[in-house]
Structure formats: C-alpha cells, structure tokens
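Enquirer: Using only what follows, build the 3D model:
(one chain, ligands or ions: 1)
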Amino acid sequence: MSKAALNQVSWDQFNGLGAIEKAPYFVENGRSYHALVAQQFSRPMLEDLCSLATDVRRIAKTRDGSRFLQSQLFDKHAMLYFAQPSTRTYLSFYSACQIVGLQTMNVRDSSTSSEVKGESPEDSVRTFSSYADLIIMRHPAGGFAERIAWMLSNTSRPVPVVNAGSGKDQHPTQALLDIYTLARSFEKTGGIDGKKIAFVGDLKRGRTVRSLAWLLTHYEGVKAYFVAPPELQIGEDILKQLDAAGMPYEITADFEKVIPEVDAIYMTRIQDEWDVDNESSRIDTSKFYFTKDHLSVLKKDAVIMHPLPRRKEIDPAVDSDPRAVYWRQVRNGMWIRAALILSIFGCDDAVRTYYKEHK
Ligand code: NCD
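Expert: This next block holds a predicted model:
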C-alpha cells in the first residue's frame, strides 16, 4: 500500500486536490497502480516504461516470445469501457491486452447498458468491475475515471483503473506514446532533452496536449511553443504548472515563424464536439495547417506528430515524408500500453529478464 492511499481519503478531500497532488495516490513503489493523470509519471517511470515497451516489441517478434508475453496475464480480464467515440485508442488497448494475454470485455455505448434504466454511471462501472481485474475507460466527464478509482479502492475488490481519455482534461496514455515516439525519433540526436516542441491547433480543449506538455517538464532544456488562434490557446492551469516546473514556452499565433525553429511539431484537430454554439466554425484555423510547402523549411531531423484523427490540419501529401511520424505513433501506442499494463500487474521484471536471456 502506498503512503497516500485512496481508501484513506474522503472523495471531497481527494477531489479538491490538483493533478500533481493527486499523483501519489496512483503510484505504488515506483510503479503505476492506477494510470489516471500525466502528473503521476516521473522521468524514471517514463524511462522504465519506454525501455519495457522496446523489450516487449522485440520479444513479440518471435512466436515463442509472443507466447511468453501472452502467458503473463492469461488468467486476468480487462474491461474496456468506452463511453465516448474511439477507434484507435480502443483498438490500441485491445491489441495491447492481446499481446499480454489479457482477456477483454467491452462496453462501448452507455445506451446499451443499464444506465438507460436509470442506473448511476458509478453503479454501472462497479458492476463491470466485478468481472474484471483491470478497467480501461474513456469518459466525456473530466475526473470520472478518478472517481471510479476512488470508489473501487473503497470496496472489498479494488481493481486498477486506466484513463483512456477523460473529458477535455487528460489523456495520459496518449502522452506516454507521444513520449515514446519522441524518444525513439531523437535516439540519435541526444534524446528529448534540449528539444523545441510546437503544439498547434485546438490547445484549449485538446487533452493530449495538456497531458504531454506536462510530461515534457521532466526533460532538461525543453522549450514549448503553443501555436493557436487566441480563442483556442492552452489553459492557464497548465501554464501555471509549466511555470512552477521552470519550463520555458512561447504563446503565439505565428505558425510560419515557428516551423523552421522547432524539432517537433505536434498538430491537433479542432475539438468542435465541445462547441456550445458552433463557435469553432467562426474561427479561421487555416493558418494552422501543415502543408507540403512547409516541408522545405522544417529542420531535417524534425518530426511531425498528430494524435489522430486528423482533418485538414495535415495535408496527406506530407505523409510520405520521413519526418511524418504519426502512423508510427499509432504502433508505438500499442507497445507502450502493453508495457504499462505489464507494469501495473508487476510483470515488468519477468519481461526484462526474458529479453536479456533471449536476445
Ligand atoms: C485524441 C483524443 O481522443 O483526445 N485521439 C486519440 O485518442 N488518439 C485526439 C482527438 O480526438 O483529436
């Protein structure tokens, strides 16, 4: 049991905390038990997960290796509860579960669950948890995954909860795969330390950027550029966290000026599902598209990223450039999620040992 345990704190006390203060409640002995906020991952934890993901990726290349990985969690069940649209994150977790042998069940639409009979969402998830050893969930309400983790920790059958995207606030496992992609992309150019990274698009409501920006504070000398129309700029709450962590950043609407300066460009789509009055349609976002012409001014070792799905913000003609790594991000997501699940269940040491003995 960690020092800060979720069954030792009332919901009101816990819910009043910021993400940084909540983080210790989700971690036990340097490993995530729940994976709910980006703020719970320290740099050593990130490095451990990235190296474990690489071991898993290499072990999975052989049939014996795949069989070994599947033997790790064949007796466990995961519930995939996705109450918000998702294809890639759902399939990414589903594939990750298959790699480590976890059997899966899913609920993808609350209109097919007893919530339509008036059951509270908490009761629904508590029911699912009775069949599962792990809950992986996406929900439109910010903080709902945390509420479930707290609730289950206060039952006789607590199970770990992984946040696969919550409201507009957090997408911690996307941030993990983004870090893994950055680390792999910069393997030969000194790693993530010292790099300049631009975030472009809807930074106000894009949860991937909010989670990743925080993780970058763990790297020395990283500078962030938040490039968006003023109406869609990043939230003050994140900027305060970056200030406190001493990470330099620039806020700008001048995408053209930023492109040649940076080592990574993280594009995002307009999150208009959150519009109240169609307000995004009145914002000119065309200056925040990455086009084929931009490739000639982009640094030669830079990378272009996107959590996907994309709309018009990256011209498909850019896809064939070796600096476009968004399809690699998708594959990296599967490996880092498999690594996270293995580490939640304490199988990481066995996997590392297997890799050392079989390489
Ligand atoms: C992102 C999300 O759901 O926040 N998608 C994903 O998980 N890869 C980004 C988005 O929907 O724009």
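Enquirer: How about the helix or strand bottoming out on mean pLDDT in the chain, which residues are buried there?
Expert: Here the helix or strand of the chain ranked lowest by mean pLDDT, DSSP states H and E is helix 121-129, holding a mean of 90. The neighbour-count check on helix 121-129 (16 or more other Cβ atoms under 10 Å) flags 121, 124, 125, 126, 128, 129 as buried. C-betas here are computed from N, CA, C, even on glycine.
Enquirer: ok, now stretch 243-253?
Expert: For stretch 243-253, by 16+ other Cβ under 10 Å, it's 247, 249.
Enquirer: what do you get for stretch 339-359?
Expert: Under 16+ other Cβ under 10 Å, the buried positions of stretch 339-359 are 339-345, 347-348, 351-352, 354-355.
Enquirer: Show the end-to-end separation of it, please.
Expert: 18 Å (Cα to Cα, to the nearest Å).
Enquirer: mind checking how far that stretch is from the chain centre?
Expert: Mean-position distance between stretch 339-359 and its chain equals 21 Å (Cα atoms, centre = their mean, to the nearest Å).
Enquirer: repeat for stretch 118-130
Expert: That offset, for stretch 118-130, works out to 24 Å (Cα atoms, centre = their mean).
Enquirer: Name the residues that touch it?
Expert: Residues outside stretch 118-130 that contact it (Cβ atoms under 8 Å, 6 or more residues apart in numbering): 79, 81, 83, 105, 107, 110, 113-115, 135, 137, 139, 144, 147-148, 151-152, 155, 157, 159.
Enquirer: Using ChimeraX, define a selection of the buried residues within those.
Expert: Buried members of these can be picked out in ChimeraX with the line below, counting by 16+ other Cβ under 10 Å:
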select :79,81,83,107,110,113,115,135,137,139,144,147,148,151,152,159
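Enquirer: Poorly predicted segments of the chain, please.
Expert: Counting by pLDDT under 70, the ranges of the chain that qualify are 1-3, 110, 112-115.
Enquirer: Enumerate the residues of it near the ligand.
Expert: 88, 89, 165, 171, 174, 207, 208, 268, 269, 307, 308 (Cβ under 6 Å from any ligand atom).
Enquirer: ok, back up a step: could you tell me which of the contacts of stretch 118-130 belong to strands?
Expert: Of the contacts of stretch 118-130, the ones assigned to strands by DSSP state E are 79, 81, 105, 107, 135, 137, 139.
Enquirer: who does the longest helix anywhere in the chain touch, helix- and strand-wise?
Expert: Counting by DSSP state H, the longest helix found in the chain is helix 326-344. In terms of contacts (3 or more Cβ pairs under 8 Å, 6 or more residues apart in numbering; DSSP states H and E), helix 326-344 is packed against strand 31-32, helix 43-59, helix 88-99, strand 161-166, helix 172-185, strand 303-305, helix 348-358.
Enquirer: Show me which residues of the longest one are buried.
Expert: Going back to what we said before, that points to helix 43-59. In helix 43-59, counting by 16+ other Cβ under 10 Å, buried: 45-46, 48-57, 59.
Enquirer: do the third one as well
Expert: For helix 88-99, burial by neighbour count (16+ other Cβ under 10 Å) applies to 89, 90, 92, 93, 94, 96, 97, 98, 99.
Enquirer: and if you look at stretch 6-13?
Expert: 6, 9.
Enquirer: how long is that stretch end to end?
Expert: End-to-end for stretch 6-13, by Cα to Cα: 10 Å.
Enquirer: Then stretch 70-81?
Expert: 22 Å.
Enquirer: contacts for it?
Expert: Residues contacting stretch 70-81 (Cβ under 8 Å, 6+ apart): 90, 93-94, 97-108, 125, 128-129, 131-139, 164, 341-342, 345, 347, 350-351.
Enquirer: Please apply the same query to stretch 336-345.
Expert: So stretch 336-345 is contacted by 31-33, 35, 48-50, 52-53, 55-56, 69, 72-73, 76, 78, 92-93, 96-97, 99-100, 102, 134, 160, 162, 173, 176-177, 180, 348, 351 (Cβ under 8 Å, 6+ apart).
Enquirer: ok, the ones in strands among the contacts of stretch 118-130 vs residue 17, which is closest?
Expert: Proximity of those to residue 17 (Cβ to Cβ) peaks at residue 139, which lies at 19.4 Å.
Enquirer: For that closest one, give me its contacts.
Expert: 81, 83, 84, 121, 145, 165, 166, 167.
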